[in-house]
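Chemist: quick one, structure for this:
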Amino acid sequence: PHQLETLLRKEILKLQRELVTERTKAKALIEELENPENTHRWRRLTGTDLNSVELEDKISELQRRLIKKCEELVDCDLVLQEKEQHKLQLHKLILLDDSDDVKEGSREDGDRGTWTAVDLAQEATDLQR
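Modeler: The predicted structure follows:
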């Protein structure tokens, strides 16, 4: 038992020394990574910076593209507003139209409402013209 205890103590001391050594290595590696003067880790980057004329050209091109996209957005907004107006007109038409044709068509089709859907599609087409 005494020999086993001695062996275990030696093993513990050995492992503690290894732990201190590894911690020291880890600390050294961390410092090495954080040190920007560590030239043996540097590498050349491929590519080049644009000169001032090329940068100005690129800025101009990006500005042209931005203006074009803004104009497209305005056009889409106008189309959307027109569609909203058409929708409101159709909604008013449905609410105000108490004609016998609509009532008759609804009776013929029962609860399905397919005749009125076709009628609404036709009205939408007529309003868009």
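Chemist: quickly list the domain ranges of the chain.
Modeler: Per automatic domain parsing, the domain ranges recorded for the chain read 1-36, 79-129.
Chemist: looking at the ones you listed, which one is packed in the most?
Modeler: Highest mean neighbour count among those (mean count of other Cβ atoms under 10 Å): domain 79-129, with a mean of 11. C-betas here are computed from N, CA, C, even on glycine.
Chemist: just the mean pLDDT for it, thanks.
Modeler: Throughout domain 79-129, pLDDT has a mean value of 70.
Chemist: repeat that for stretch 31-47.
Modeler: Computed over stretch 31-47, the average pLDDT equals 78.
Chemist: and for stretch 62-71?
Modeler: On average, stretch 62-71 scores 97.
Chemist: distance between that stretch and the chain's centre?
Modeler: 20 Å (Cα atoms, centre = their mean, to the nearest Å).
Chemist: what would the domains of the chain look like in a markdown table with distance to R43?
Modeler: Converted to a markdown table, the domains of the chain look like this (distance: least, Cβ to Cβ, whole Å):
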| stretch | distance to R43 |
| --- | --- |
| domain 1-36 | 14 |
| domain 79-129 | 52 |
